[in-house]
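Visitor: Compute the structure for the input listed below.
(one chain, ligands or ions: 2)
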Amino acid sequence: MMRYLTAGESHGPQLTTIIEGLPAGLELVASDINEHLARRQKGYGRGRRMQIETDQAQILSGVRHGKTLGSPIALVVENKDWTHWTKIMGSEPLSDDEEKEVRRKITRPRPGHADLNGGIKYGHRDMRNVLERSSARETTVRVAAGALAQKILKDLNINIACHVREIGGVQADVIEGLPAKEIRSKSEESEVRCIDAEASEKMKTAIDEAKKNGDSIGGVVEVVVENVPAGLGSYVHYDKKLDAKIAAAIMSINAFKGVEFGLGFEMARLPGSQVHDEIAWSEEQGYYRKSNRLGGFEGGMTTGMPIVVKGVMKPIPTLYKPLESVDIDSKEPFSASIERSDSCAVPAAAVVAEAVVAWEIACAICDQFDSDRFDQLKQSVEQHRAYAKDY
Ligand SMILES: Cc1cc2nc3c(=O)[nH]c(=O)nc-3n(C[C@H](O)[C@H](O)[C@H](O)COP(=O)(O)O)c2cc1C
Ligand SMILES: C=C(O[C@@H]1CC(C(=O)O)=C[C@@H](OP(=O)(O)O)[C@H]1O)C(=O)O
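Guide: Ligands and ions are numbered 1, 2, ... in the order given. As a prediction, this is how the structure comes out:
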């Protein structure tokens with residue numbers, strides 16, 4: 001079983017992840033991870049923090065001479081911003097004088113962020129203690145863990161890509177069924193990670209407008225995964241359904257509020273004949289579906305057709321023109337606190353979505369096939385592909 005934990009505050013010294021259960025013998029170098037960390041940092045609409053950071057992963061264990069050992073892999077990513085926060089975020093107690101000097105308590109929770117609920121839950125009177133960990137800075141190391149999963153997928157000839165479908169009401173015009181490689185290369189060219197060049201420009205204008213108004217905007221991202229073996233996941237128990245795991249993984253990304261597979265919510269308005277995908281077989285492809293309206297899943301299992309999953313991100317909660325809130329000390333109404341913030345992080349969030357989907361698929365593969373050794377895993381997957389084709 002593959003699993004990982006993450007640790008680290010947004011303005012602490014570093015982010016850390018320990019990843020366990022990766023097959024031994026997988027080729028892995030730091031640049032395999034750094035490539036994805038750099039992709040996550042990009043995107044029109046980000047705040048100043050991304051200019052401070054240049055995220056790079058250090059591999060501290062579990063890899064020797066470019067190959068995984070099968071032992072736990074520890075990765076760290078430094079926060080360059082930490083040097084500005086050493087006193088505020090230090091782990092040692094402060095003297096009374098120091099406390100006065102550095103401790104501007106956050107007592108005006110931001111509507112839409114984790115501040116108030118986190119404060120109530122853990123009894124913090126300074127909501128910095130909440131926002132430091134609830135910050136999406138943590139998604140850095142989730143992308144790092146996802147990069148390891150992406151390496152497994154790549155070596156099994158499974159292609160994955162993400163792109164932005166919508167920002168602030170501007171929708172991309174997208175040809176459905178575009179190959180993942182094409183989506184990846186086209187979306188990399190756009191500052192908002194959108195494959196429709198005209199929509200990209202409109203999205204940038206919408207972001208500029210929101211920023212100018214002290215506001216924020218959200219959007220929709222899509223992840224596409226091709227050449228996934230059929231029959232990953234299971235129908236036998238609720239916690240083995242792979243579509244449910246992927247949905248939970250996307251919902252776990254900060255600010256994500258909904259998930260759709262294939263036609264998604266549109267299915268509510270269509271008859272079955274226009275939703276279900278007809279089954280066919282051919283010598284070269286084996287079983288396939290004549291369409292992919294269900295987005296690659298039936299019965300909690302992969303169909304072998306591309307997985308097509310969308311997630312919706314709400315607008316960023318921190319507003320430069322803040323909404324009304326209540327000061328938790330005085331209980332008086334106040335404007336919410338302003339922390340340095342992004343106006344739109346949908347393009348970055350698309351890369352996070354790709355990473356968490358890659359992770360769930362790699363986990364499903366490692367659960368289902370011999371996974372102590374990567375060479376055996378590859379062989380088992382190939383055998384399964386041949387079996388499924390002729391089944
Ligand atoms: C990549 C990324 C960047 C984000 N940047 C900000 C930000 O700068 N300011 C902010 O208030 N929220 C930001 N968020 C959203 C908050 O982290 C999120 O709304 C908060 O953790 C509360 O969780 P919830 O929205 O899932 O309920 C970002 C989210 C992502 C995925
Ligand atoms: C640091 C990242 O995103 C941060 C996510 C975030 C939040 O509240 O979620 C708030 C901001 O943090 P800061 O106050 O340091 O500018 C974002 O920049 C990142 O994505 O690496």
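
Visitor: Helices along the stretch 101-250 of the chain, start to end?
Guide: 115-122, 128-134, 139-155, 180-189, 197-212, 242-251 (DSSP state H, counting those that start in this stretch).

Visitor: would you turn those helices into CSV with mean pLDDT, distance to Arg46 and mean neighbour count?
Guide: C-betas here are computed from N, CA, C, even on glycine. Compiled in CSV, the helices of the stretch 101-250 of the chain are given as follows (pLDDT from 0 to 100; distance: least, CB to CB, whole Å; neighbours: other CB atoms under 10 Å):
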stretch, mean pLDDT, distance to Arg46, mean neighbour count
helix 115-122, 98, 21, 16
helix 128-134, 97, 17, 20
helix 139-155, 98, 13, 25
helix 180-189, 97, 16, 16
helix 197-212, 97, 10, 18
helix 242-251, 98, 20, 20
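
Visitor: So which residues on the stretch 151-300 of the chain come close to ligand 2?
Guide: Residues of the stretch 151-300 of the chain found near ligand 2 (CB under 6 Å from any ligand atom) are Asn254.

Visitor: Ligand 1 versus Lys378, what's the distance?
Guide: Between Lys378 and ligand 1 the computed distance is 33 Å (CB to the nearest ligand atom, to the nearest Å).

Visitor: buried sites along the helix or strand that contains that residue?
Guide: Assignment of secondary structure by DSSP states H and E places Lys378 within helix 374-390. Across helix 374-390, burial judged by 16 or more other CB atoms under 10 Å covers 374, 377-378, 380-381, 384-385, 389.

Visitor: how about stretch 26-46 against ligand 2, any contact?
Guide: No: counting by CB under 6 Å from any ligand atom, no contacts exist between stretch 26-46 and ligand 2, the nearest distance being 6.9 Å.

Visitor: can you tell me the average pLDDT over that stretch?
Guide: For stretch 26-46, the mean per-residue pLDDT is 97.

Visitor: rewinding a little: can I get the buried residues of helix 374-390 in TSV with distance to ligand 2 and pLDDT?
Guide: TSV is the format used below for the buried residues of helix 374-390 (distance: CB to the nearest ligand atom, whole Å; pLDDT from 0 to 100):
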residue	distance to ligand 2	pLDDT
Phe374	30	98
Leu377	32	98
Lys378	34	98
Ser380	37	98
Val381	33	98
His384	37	98
Arg385	37	98
Lys389	42	96
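
Visitor: Close to ligand 1: what parts of this protein are there?
Guide: So the chain meets ligand 1 at 47, 112-114, 134-136, 139, 253-255, 316-318, 341-342, 345, 348-349, 352 (CB under 6 Å from any ligand atom).

Visitor: at 8 Å instead, please
Guide: 40, 46-47, 49, 110, 112-114, 134-136, 139, 216, 253-257, 313-314, 316-318, 339-342, 345, 348-349, 352 (CB under 8 Å from any ligand atom).

Visitor: And the buried residues of helix 374-390, which is closest to Leu75?
Guide: Set against Leu75, the nearest of the buried residues of helix 374-390 by CB to CB is Phe374 (18.4 Å).
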